[in-house]
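# starting from these lines, generate the structure:
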Amino acid sequence: MPVPQTEDWRAIAAEFQEPWNFPNCVGAIDGKHVVIQAPANSGSLYFNYKSTHFLVLLAVVDAQYLFRVVDVGGFGWSSNSGSLRNSAFGESLRDGSLQLPPDTVIPGAERLGLLPHVLVGDEAFPLLDNLLRPFPGRHLTREKKMFNYRLSRARLEDDRKDITHTYRRVYG
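Coordinates of the predicted model:
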């Protein structure tokens, strides 16, 4: 599956803008631990705290719930954050070679200046220049609560569709 190019990312961002009210969003990222039979001679590489063997599926979906990036193969003991860190996609995200559109001014928020195009993830992911996650904690300001609400919507949680449901819909 080819990684989207600049124009593809721009089109994805436009799809997220209207229904989810989250500008410059180029995708929702999540991970899923998938139970596997341990490969021969793999030792504890795929073994995790649930006492079984897992493979980590890391994926980015667009506003229509379509897979745009898929990385399969993270070791079962690895978290979503660790799987992202060790993937080629994660390296491209960190080093700026992902071909995301240039930073833009968001209409109505000109005072903020140029803002990057971003992926949205849950608390399991690190905060990066191009990867946003919710503010932690319970005692948040109104602005932070609103941000978390919008980020949650952009992560497609409102429809209760996470990567597991998307995976099952596509692969059974």
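# all contacts plus neighbour counts: C-alpha atoms, from now on.
OK.
# just give me the neighbour total for residue 110.
Using other CA atoms under 10 Å, residue 110 is surrounded by 11 other residues.
# what pLDDT is listed against it?
Residue 110 is assigned 94 on the pLDDT scale.
# leaving out chain neighbours, which residue sits closest to the spatially most central residue of the chain?
Residue closest to the average C-alpha location in the chain (CA atoms, centre = their mean): residue 29, at 1.4 Å. Excluding its sequence neighbours, the residue lying closest to residue 29 (CA to CA, 6 or more residues apart in numbering) is residue 60, at 4.4 Å.
# which residues does residue 105 form beta bridges with?
Taking DSSP bridges as the rule, residue 105 bridges to residue 114.
# hang on, the earlier thing: let's see the pLDDT reported for the residue nearest to residue 29.
Looking at residue 60, its pLDDT stands at 92.
# that one falls within a helix, correct?
No: using DSSP: H, G, I helix; E, B strand; the rest coil, the secondary structure at residue 60 is strand, not a helix.
# that one reaches residue 68, doesn't it?
Yes: the pair residue 60 / residue 68 is scored as a contact, 5.6 Å apart, by CA atoms under 8 Å.
# let me see the contact set for the residue nearest to the centre of the chain.
By CA atoms under 8 Å, 6 or more residues apart in numbering, residue 29 lies in contact with 58-61, 119-121, 155.
# of those residues, which is the most crowded?
residue 155 (29 neighbours).
# need the pLDDT of that residue.
Residue 155 is given a pLDDT of 85.
# that one and residue 53, how far apart?
Counting by CA to CA, to the nearest Å, the gap from residue 155 to residue 53 is 28 Å.
# next one: residue 37
Between residue 37 and residue 53 the computed distance is 6 Å (CA to CA).
# the two: who's more crowded?
Legend: neighbour count by other CA under 10 Å for residue 37 and residue 53, higher for residue 53 (21 against 10).
# low-confidence ranges in the chain?
Within the chain, the ranges that satisfy pLDDT under 70 run 38-51, 73-82, 157-172.
# can you give me the strands in it?
All strands of the chain, identified by DSSP state E, fall at 25-35, 54-61, 67-75, 104-105, 114-115, 118-120, 131-132.
# as CSV, those with distance to residue 14 would be great.
Formatted as CSV, these follow (distance: least, CA to CA, whole Å):
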stretch, distance to residue 14
strand 25-35, 8
strand 54-61, 14
strand 67-75, 15
strand 104-105, 13
strand 114-115, 15
strand 118-120, 12
strand 131-132, 17
